[in-house]
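1. Pasting a predicted model and its sequence here:
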Amino acid sequence: MSLKDRRIGFVGAGAMAEALVGGLEAAGIPAEQMMASDVDAARRERLRQLFHIRTIKDTGALLEQSDVVVLAVKPNVVSSVLRDLSGHADLGRPLWISIAAGVMLSTLESLLPEGSRVIRSMPNTPALVQSGATAYCANAAASPEDRAAACSLFEGVGTCWEAPREELLDAVTGLSGSGPAYVFAFLEALIDAGEAEGLPRSVASELVFQTVYGAARLARESQRTPADLRRQVSSPGGTTLAGLAELDAADFHEAVQRAVRAATRRAGELGRGE
């Protein structure tokens, strides 16, 4: 299924829908192939002005005019949205792609007609600047073409990976879904440290943003592992080793692992309604 000849509807016109519409537009999908529904008139108007796509309040009308429907609403309203559509003649026709965190395939399938093609995904917020990382998992009814269509959607805002088992999406949530917050916390700490050493905060911020961006790009584009790159800049008796020794003393590596483990565990709990 090529997205270039499919009508794509977004249920919800929030920030992630905005990012995905922007990614599709950048990938060459014309505005007339996309539309969005939302109860919030301001959100509909923003999306219409930004991308000139059709926006409506009636999700049933969107369903009738879409080959792919992206569920881009908060997890706690997924059930009510789909129950409101219950009995609609077109409910089982399109490919459904959910970006609602923690909503399991079994839940989506229970709210849709038997045999519906459903894909559950876990994007992250850097998708807002076309630098996202998304993992997805398809149900048994979804075809290889359906899965390729989902990947095409998410490649418009970054990278994507198809998880072979749905339970791995909890680990994805703990790692890349929550990961931007870990990085933001690290940025905050570095900026505060620079300011504490006498740098103006604006200067510390610029240095930190560029340093982290540059380091991530170097790690991404280099043939070396992050461990190799770390050793390369850690001269014996030098400044970097002195700083790393403090991170080791504070159990930095284990703290990161605990954070990912805790977020993964919580993702599973939320998926079970706990």
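-> Now that the structure is in, tell me what you want to look at.
2. the helices in the stretch 1-150 of the chain, which residues?
-> According to DSSP state H, counting those that start in this stretch, the stretch 1-150 of the chain carries its helices in the segments 15-26, 41-51, 59-64, 78-84, 105-111, 144-155.
3. and the second one, how far from the chain's centre?
-> The reference is to helix 41-51. A distance of 21 Å separates the centroid of the chain from that of helix 41-51, by CA atoms, centre = their mean, to the nearest Å.
4. tell me the domain boundaries of the chain?
-> 3-163, 179-271 (automatic domain parsing).
5. Just give me the neighbour total for residue 72.
-> 26 (other CB atoms under 10 Å). (C-beta placed from N, C-alpha, C; glycine too.)
6. just to revisit the earlier point, with respect to burial, which of the helices of the stretch 1-150 of the chain scores highest?
-> helix 15-26 (a mean of 21; mean count of other CB atoms under 10 Å).
7. Give me the helices and strands touching that one, please.
-> Counting contacts by 3 or more CB pairs under 8 Å, 6 or more residues apart in numbering; DSSP states H and E, helix 15-26 packs against strand 8-11, strand 34-37, helix 41-51, helix 144-155.
8. Now these in JSON lines, please, with extra columns for distance to residue 93 and mean pLDDT.
-> Shown next, in JSON lines, are the helices and strands packed on helix 15-26 (distance: least, CB to CB, whole Å; pLDDT from 0 to 100):
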{"stretch": "strand 8-11", "distance to residue 93": "12", "mean pLDDT": "97"}
{"stretch": "strand 34-37", "distance to residue 93": "16", "mean pLDDT": "97"}
{"stretch": "helix 41-51", "distance to residue 93": "24", "mean pLDDT": "95"}
{"stretch": "helix 144-155", "distance to residue 93": "13", "mean pLDDT": "94"}
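9. got TSV for these, with distance to residue 2 too?
-> What follows is the helices and strands packed on helix 15-26, written out as TSV (distance: least, CB to CB, whole Å):
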stretch	distance to residue 2
strand 8-11	12
strand 34-37	15
helix 41-51	20
helix 144-155	7
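10. Can you give me the pLDDT of residue 86?
-> Reported pLDDT at residue 86 in the predicted model: 92.
11. just residue 194 next, same as before
-> Value listed for residue 194 in the pLDDT field: 98.
12. Excluding chain neighbours, what is closest to it?
-> Of all residues not flanking residue 194 in the chain, residue 204 sits nearest, at 3.1 Å (CB to CB, 6 or more residues apart in numbering).
13. Going by neighbour count, which residues of the helix or strand harbouring that neighbour are buried?
-> Using DSSP states H and E, residue 204 maps to helix 201-221. When burial is assessed from 16 or more other CB atoms under 10 Å, helix 201-221 yields the following buried residues: 204-205, 208.
14. Closest to residue 116 out of the residues you listed?
-> residue 208 (46.3 Å; CB to CB).
15. Just list the residues touching that closest one, thanks.
-> Listed by CB atoms under 8 Å, 6 or more residues apart in numbering, the contact partners of residue 208 are 187, 190-191, 194.
16. In this model residue 189 seems to touch the residue nearest to residue 194, though I could be wrong.
-> No - using CB atoms under 8 Å, residue 204 makes no contact with residue 189, being 11.1 Å away.
17. And the buried residues of helix 201-221, which is closest to residue 59?
-> Nearest to residue 59 among the buried residues of helix 201-221, with distances taken as CB to CB, is residue 205, at 41.9 Å.
18. Skipping its backbone neighbours, what lies nearest that closest one in space?
-> residue 191 (5.2 Å).
19. Per-residue pLDDT of that neighbour, please?
-> So residue 191 comes in at 98 (pLDDT).
20. what does residue 1 give?
-> Reported pLDDT for residue 1: 51.
21. thinking again about what came up before, following element in sequence after the helix holding residue 204, please.
-> Using DSSP H and E, the first helix or strand after helix 201-221 is helix 226-232.
22. avg pLDDT for the helix or strand following that following helix?
-> Counting by DSSP H and E, the next helix or strand C-terminal to helix 226-232 is helix 239-249. Average pLDDT, helix 239-249: 96.
23. Need the contact partners of helix 239-249.
-> Contacts for helix 239-249 (CB under 8 Å, 6+ apart): 230, 233-235, 253.
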